[in-house]
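Colleague: Quick one, fold the following:
(one chain, ligands or ions: 1)
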Amino acid sequence: MTFASVLVLNGPNLNLLGTREPAIYGSETLDDVARLCRDAGERLDLAVDFCQSNAEHQLIDWLHAARTKVDGIVINPAAFTHTSVAIADALSAIQKPVIEVHISNVHRREAFRHHSYVSAVAEGIIVGCGTQGYVLALERMATLLKNRAAK
Ligand code: DQA
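Modeller: Predicted coordinates:
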């Protein structure tokens, strides 16, 4: 039985995980990450919906739809992290807890990756923990949602 539902959203180029710069992002594919998230969801009693798009408008549309459907958002906005006021605005608008995830340690990389528009609207940020970061984010989300339910 699930007690809450979480949308795990992935931004551009993450469909290429496994072949894309494996020295930075590792060798697991996006399907592997989806499996990790579903397994974590089962263990944590969370219903997990896992999506990826290369299109900013699609990510925003999914966030708008999530407003009435999910309890929390785990998002790796990928390159939109560093560029998209629109995604940050959509996350603010829907008023659900957000955990931001980055597979790589963006702070050890180019300066343009050091700023995130999303971090200001996130409850928590998990960076540089590889794909395990998604599992850590779901664990944190389960704690946040349980604490909210208990209030
Ligand atoms: C990323 C980091 C971003 O800077 C980059 O544009 C990505 C992936 C990560 O998961 O490490 O596409 O979000």
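Colleague: For the helix ranked longest in the chain, which outside residues touch it?
Modeller: Counting by DSSP state H, the longest helix found in the chain is helix 132-150. For helix 132-150, the surrounding residues in contact (CB atoms under 8 Å, 6 or more residues apart in numbering) are 3-4, 6, 8, 33, 36-37, 40-41, 44-46, 48, 71-72, 74, 76, 97, 99, 101-103, 123-124, 126-127, 129. Just so you know, the C-beta spots here come from the backbone N, C-alpha and C atoms, and that holds for glycine as well.
Colleague: Pull out the buried positions in it.
Modeller: Residues of helix 132-150 classed as buried: 132-142, 144-145 (neighbour count, 16 or more other CB atoms under 10 Å).
Colleague: and it, how far from the chain's centre?
Modeller: 12 Å (CA atoms, centre = their mean, to the nearest Å).
Colleague: repeat for stretch 6-19
Modeller: 9 Å.
Colleague: what do you get for stretch 80-88?
Modeller: With CA atoms, centre = their mean, you get 13 Å for stretch 80-88.
Colleague: what distance separates the start and the end of that stretch?
Modeller: Taking CA to CA, to the nearest Å, the first and last residues of stretch 80-88 lie 9 Å apart.
Colleague: Give me the average confidence score over it.
Modeller: For stretch 80-88, mean pLDDT rounds to 98.
Colleague: Neighbours of Ala93, how many?
Modeller: Neighbour count of Ala93, defined by other CB atoms under 10 Å: 13.
Colleague: Provide the secondary structure category for it.
Modeller: Following DSSP: H, G, I helix; E, B strand; the rest coil, Ala93 is assigned to helix.
Colleague: who's in contact with it?
Modeller: Leu63, His64, Arg67.
Colleague: how close does it get to Ala66?
Modeller: 11 Å (CB to CB, to the nearest Å).
Colleague: circling back to that earlier point, kindly supply the ChimeraX command isolating those of the contacts of Ala93 that are buried.
Modeller: Command for ChimeraX that selects the buried part of those, burial taken from 16+ other CB under 10 Å:
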select :63
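Colleague: Which single one of the contacts of Ala93 is nearest to the ligand?
Modeller: Distance to the ligand across the contacts of Ala93 (CB to the nearest ligand atom) is lowest for Leu63, with 16.7 Å.
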